[in-house]
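K.L.:
can't give you the sequence, but here's the structure:
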């Protein structure tokens, strides 16, 4: 075989052998196609994430547009419209300027069928799409949602249309006022979502001063009841839970377990996870550094003459107690205990505006939040217990001289003295709880 050296192959022979050998071809082709397969698979996963993001952005836009349109109905002015809309967008997870989110509020709308209509509010929520697995094929882009809400009608002197107390139960008696209780909340309404004929009950010598009583059912009075209200609405539209979309940030393991601080011991505590509960006994001063206190599977109890204050140095500082876990506990303020606390107001804090927060999805419901005795407390913010009964007993004075307090419970019982106002809830980070009062109706139209 002339021209070929023994033991060696010419380059043409090597190429021919390689072409005939198919053993590694599948692996080579697979390696070449793997990025494409992973890319398309990642695109499918990310598409689901983008759809979920768009749905959440749309919910935020809807809520923000409605909040702004209510302010149109109550003639509160442009800054209040902006503030209310931006607040509700934030509460639904989209704070303007945070995490790349841009929330635009237009009154009147700048586009669509209601462009130029001064009774309408347009809200546009934009947020960056996250590329988790599909960056090979997709480029950065923005997910947007738009909503327009229209205010129908005008105010008729029937109250502010916002509430300081909201009972969410749909069937039980939502609000009960007993004995010689006094509810002093002239700037805001008392609201019950129950459709029961006894949705709101006032017994004994109760005196209720409020902008209005509003219920999806009926009102029953027994005894010498004084109702100093501008209006009473029965069989109205149930008020939606304004904070149902709020989620609690993730938190770590226990920093403290079964924490009990006894009489005469003054303590300073830091934010963290308090597993098994947090109890203060006897005469003591408690100073809380600002932040979130997660109380998991246990009670928050202040007994005797406990005084609780915040070491808050910034105007946005505050304290939030989160009752959470698989079996959230109860809140009890007893004896002559006093709480002087503000909720945080920084909009970048997911729990801004909340002094107490308990998710209805935690545990099975049926918890209680009780403020007993002569608890002369000053609170600014929202006390949110959607699955619990909230009870005021004795001479519990809440928010006597402050700008905002809201109480939301499954049911609410008033046996003592409760002073509440919502005159600056937006600035305090708590927002407003709106009712569909006569003369002011709001609907999403785009």
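P.N.:
Right, received. Where do you want to start? Predicted model, so just to flag it, every value in this text is computed and none were measured.
K.L.:
Name the residues that touch stretch 59-67?
P.N.:
Residues outside stretch 59-67 that contact it (C-beta atoms under 8 Å, 6 or more residues apart in numbering): 84-89, 91-94, 103, 105, 121-125, 145-149, 245, 431-432, 434, 442, 444. Yep, even glycine has a C-beta here, placed from its N, CA and C like the rest.
K.L.:
switch to 6 Å and redo it
P.N.:
84-85, 88-89, 92, 94, 121, 123, 125, 145, 147-149, 442, 444 (C-beta atoms under 6 Å, 6 or more residues apart in numbering).
K.L.:
what do you get for stretch 318-337?
P.N.:
248, 277, 288, 290, 292-306, 310, 341-344, 351, 354, 356-358, 362-363, 367-375.
K.L.:
can you tell me the distance between the two ends of that stretch?
P.N.:
19 Å (C-alpha to C-alpha, to the nearest Å).
K.L.:
got it, and stretch 101-112?
P.N.:
22 Å.
K.L.:
Make residue 1 into 272 and carry on from there
P.N.:
Right, with 272 as the first residue, what we last looked at is stretch 372-383.
K.L.:
what about it, distance to the chain center?
P.N.:
Relative to its parent chain, stretch 372-383 has a centroid offset of 23 Å by C-alpha atoms, centre = their mean, to the nearest Å.
K.L.:
Then stretch 601-613?
P.N.:
Relative to its chain's centre, stretch 601-613 lies at 22 Å (C-alpha atoms, centre = their mean).
K.L.:
likewise stretch 597-605?
P.N.:
19 Å.
K.L.:
Buried residues in that stretch, which are they?
P.N.:
Residues of stretch 597-605 classed as buried by neighbour count (16 or more other C-beta atoms under 10 Å): 599, 600, 601, 602, 603, 604, 605.
K.L.:
what is the mean pLDDT for that stretch?
P.N.:
The average pLDDT within stretch 597-605 is 87.
K.L.:
Show me where the stretch 322-471 of the chain has its helices.
P.N.:
Under the criterion DSSP state H, counting those that start in this stretch, the stretch 322-471 of the chain contains helices at 349-362.
K.L.:
Strands of that one, start to end?
P.N.:
With strands called from DSSP state E, counting those that start in this stretch, the stretch 322-471 of the chain shows them at 373-377, 391-399, 413-423, 434-438, 446-448, 453-463, 471-475.
K.L.:
can you give me how far the last one is from the chain middle?
P.N.:
Spelled out, it's strand 471-475. Worked out by C-alpha atoms, centre = their mean, strand 471-475 lies 30 Å from the chain centre.
K.L.:
just the strands of the stretch 322-471 of the chain: most buried one?
P.N.:
The highest mean neighbour count among the strands of the stretch 322-471 of the chain, using mean count of other C-beta atoms under 10 Å, belongs to strand 434-438: a mean of 28.
K.L.:
what comes into contact with it?
P.N.:
445-446, 456, 459-463, 677-680, 682-683, 691, 693, 704.
K.L.:
run the last query once more with 7 Å
P.N.:
445-446, 456, 459-465, 510, 676-683, 691, 693, 704, 706 (C-beta atoms under 7 Å, 6 or more residues apart in numbering).
K.L.:
which residues sit in contact with residue 491?
P.N.:
For residue 491, the contact set (C-beta under 7 Å, 6+ apart) comprises 469, 472.
K.L.:
Where does it sit, in terms of helix or strand?
P.N.:
strand 490-494 (DSSP states H and E).
K.L.:
what about residue 545, neighbour count?
P.N.:
Neighbours of residue 545 under the rule other C-beta atoms under 10 Å: 24.
K.L.:
and it, bridged to which residues?
P.N.:
On the basis of DSSP bridges, residue 545 is bridged to residue 527, residue 566.
K.L.:
Check the gap between it and residue 539 for me.
P.N.:
To residue 539, residue 545 is 14 Å away according to C-beta to C-beta, to the nearest Å.
K.L.:
host element of residue 482?
P.N.:
Here residue 482 is assigned to strand 478-486, by DSSP H and E.
K.L.:
For that strand, list every residue counted as buried.
P.N.:
478, 479, 481, 482, 483, 484, 485, 486.
K.L.:
who's residue 661 bridged to?
P.N.:
Counting by DSSP bridges, the residues bridging with residue 661 are residue 640, residue 683.
K.L.:
need the contact list for it.
P.N.:
For residue 661, the contact set (C-beta under 7 Å, 6+ apart) comprises 640, 654, 678, 680, 683.
K.L.:
By neighbour count, which of those residues wins?
P.N.:
residue 683 leads the contacts of residue 661 on contacts (other C-beta under 10 Å) with 30 neighbours.
K.L.:
where does residue 651 land in three-state SS?
P.N.:
Assigned with DSSP: H, G, I helix; E, B strand; the rest coil, residue 651 falls in the strand class.
K.L.:
quick one: it and residue 614 touch, right?
P.N.:
Yes: here residue 651 lies in contact with residue 614, judged by C-beta atoms under 7 Å, at a distance of 6.1 Å.
K.L.:
more crowded one of the two?
P.N.:
It is residue 614, of residue 651 and residue 614, that has more neighbours when counted by other C-beta under 10 Å, with 29 against 23.
K.L.:
Quick check: residue 386 vs residue 642, distance?
P.N.:
Distance from residue 386 to residue 642, by C-beta to C-beta: 49 Å.
K.L.:
So which of those two has more stuff around it?
P.N.:
residue 642 (27 against 13).
K.L.:
Would you mind listing the residues in contact with that one?
P.N.:
Contacts of residue 642 by C-beta under 7 Å, 6+ apart are 604, 662, 663, 664, 667.
K.L.:
same thing with residue 568?
P.N.:
Taking C-beta under 7 Å, 6+ apart, one finds 546, 547, 596, 597, 598, 600 in contact with residue 568.
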